[in-house]
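[1] Below is the sequence, then the predicted model.
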Amino acid sequence: MIGVADIYAAIADPTRRLLLDELARADGQSLFELCSRLTMTHGVNSSRQAISQHLAVLESAGLVSSARVGRTKIHHLHTEPFREITERWPIPAKD
């Protein structure tokens, strides 16, 4: 079972937060696409292996899933795990 602590640990890293941002911008991206976006948009020059490891952490926290399409692994964002956090500390409505 995935706990809130897993989610916090997963989003503690700035590169993983950028990966979530990029998947929120355009869901269903390959590792190549994500690496390209991180480099071009955010100036992150991590190796493909490092980005793959970050995606594995996000996947183990339930925030990302991946599926093979031919020889390419496509990554998808899942925001449902954040629900427990927002239910625990709801954001009050603005007056």
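    Arrived safely, thanks for sending. Small disclaimer: the values here were computed from a predicted structure and weren't measured.
[2] Which pLDDT does the model give Met1?
    The score at Met1 is 65. That number is its pLDDT.
[3] element containing the residue sitting nearest the centre point of the chain, please.
    Centrality entry for the chain: nearest residue to the mean C-alpha point is Leu20, 3.3 Å, by CA atoms, centre = their mean. Taking DSSP states H and E as the criterion, the element that holds Leu20 is helix 14-25.
[4] buried stuff in that helix?
    Buried residues in helix 14-25, defined by neighbour count with 16 or more other CB atoms under 10 Å: 15-16, 18-20, 22-23. Placement of C-beta: from N, CA and C, glycine included.
[5] which is the next helix or strand following the helix or strand that Cys35 is a member of?
    Remark: Cys35 resides in helix 31-42, with elements defined by DSSP H and E. On the C-terminal side of helix 31-42, the nearest following helix or strand under DSSP H and E is helix 48-60.
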